[in-house]
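Visitor: Make a model of this:
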Amino acid sequence: MSGSRGSEVHAMPNESVGLGEHQQARPGQGACAEGAGVRGDAVAPPAKDIPAGATGTLGVRLALSEVRDISAAEIDSLLEARKNGPFISLEDLWRRVNISRPVLENLVHVGALDSIAGNRTRRELLWRAVDLASEPRPEVGSQLALNFDEPITSSLPGLRGYDEFEETEAEIDISGIDARRHVMSLYRPLLVDLGCVPGNKLHTIRNKTDVWVAGVKVASQTPAIRSGQRIIFVTIDDLTGPIDVTVFERAQALCARTVFHSWLLLFHGEVRKRGGASLVHRTEAGNVGVTVVVAEAFDLAEIWSDRAAGRSLTDALERQRTKQRLGAGIDPDTSPSGRLWHASGGSAGR
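Guide: Coordinates of the predicted model:
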């Protein structure tokens, strides 16, 4: 943390990857998109000089300050202790660093101690962190009792490691960054089943073509426009980049609540292209604005849960359509009509 504050990409051996001096990167919009894995957090020191011929994978180190609830004093204590040698275990870190139990648990939860966990899972380390906090705390820098570092795997059977969903959830919860993988990569099989078009391929689709797109909601806004209509503009991010989505009033009665209250979004709509041609300048095929005009919006995570529960894709979609119609006060067997913006729960225009 002392020194450089910008994001830097390094070739790092697995045992030293993780949380060090460098600021965060957004994997979906940077390093991961370019093939450099973001390795998450760790309390091992960063490798500043990469020797010629070094092996390992590329990674971006995340800043300690990105860990939820950590204070400047705790960061200083950790970095000062690390100058005296690398940490060898959870217990070693607890003894040498003046750190609170919630922050220790956050470090474990986000994977900061994975490189020094030995054969213990994060669940085992979290359990051990509770034990440590309940015991008399040794004075920082004092000699550690021998039984303090005894392995606990035999006394905590069945505490499995985190799966990919749990790792990603932990990273977003603690640091706000899906560090090891783009969250949408977890839903790749569903995206294939739906036939979703990647964001970087939309420009190749003919105008007014029916498409499905999905991604993480990055932003939504409802600016005032001259016509007096309320239009929702949404940007989502998939595995390839941002996708612009437009929700006109005719679709808002059913879509607005999902758009404003869901984070993982699935849209069904029509490709619309603007630009590229001019009466003055030559047509530039690459200078084309592309948006998806929405007919339907769905909560992607809910669709995934329904599929995991054994429902067909058609049934999962229909369940949400029915809920949306009932939520908007519309008979499921009829179509919405008229100006219904103010009937849409959770809209910014209420």
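
Visitor: Which stretches in the stretch 1-150 of the chain count as strands?
Guide: Using DSSP state E, counting those that start in this stretch, the strands of the stretch 1-150 of the chain run over 9-12, 57-60.

Visitor: And those strands, which one averages the lowest pLDDT?
Guide: Among these, strand 9-12 carries the lowest mean pLDDT, a mean of 28.

Visitor: Look up the closest residue to Ala219, ignoring the ones flanking it.
Guide: Using C-beta to C-beta, 6 or more residues apart in numbering and skipping residues adjacent in sequence, the residue nearest Ala219 is Thr235, 4.8 Å away. From N, CA and C alone the C-beta is placed, and that goes for glycine too.

Visitor: Let me know whether that neighbour touches Val216 as I believe.
Guide: No: using C-beta atoms under 8 Å, Thr235 is not in contact with Val216; the gap is 9.7 Å.

Visitor: tell me which element Val293 falls in.
Guide: For Val293, the element it lies in under DSSP states H and E is strand 288-299.

Visitor: Could the C-alpha coordinates of that strand be exported in CSV?
Guide: This file holds the C-alpha atoms of strand 288-299, laid out as CSV (Å, rounded to 0.1, in the frame of the first residue of the first chain):
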residue,chain,number,x,y,z
VAL,A,288,-22.9,3.1,-35.8
GLY,A,289,-24.7,3.5,-32.5
VAL,A,290,-26.4,0.3,-31.5
THR,A,291,-29.1,-0.1,-28.8
VAL,A,292,-31.6,-2.8,-28.0
VAL,A,293,-35.2,-1.5,-27.7
VAL,A,294,-36.8,-3.7,-25.0
ALA,A,295,-40.0,-5.7,-25.3
GLU,A,296,-39.4,-7.8,-22.2
ALA,A,297,-37.1,-7.7,-19.2
PHE,A,298,-36.3,-10.6,-16.8
ASP,A,299,-34.2,-11.2,-13.7
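
Visitor: you'd agree Ile75 is up against Glu66?
Guide: No: counting by C-beta under 8 Å, Ile75 stays clear of Glu66, with 10.7 Å between them.

Visitor: Would you map out the domains in this protein?
Guide: For the chain, automatic domain parsing gives the domain ranges 9-175, 183-343.

Visitor: contacting residues around Glu164?
Guide: Counting by C-beta atoms under 8 Å, 6 or more residues apart in numbering, Glu164 makes contact with 181, 186.

Visitor: What about it? Give its phi and psi, please.
Guide: Here is the backbone geometry of Glu164 (degrees, to the nearest 10): phi -60, psi -40.

Visitor: How much space separates it from Ser227?
Guide: Using C-beta to C-beta, to the nearest Å, Glu164 is found at 45 Å from Ser227.

Visitor: Next: Thr209.
Guide: The gap separating Thr209 from Ser227 is 26 Å, by C-beta to C-beta.
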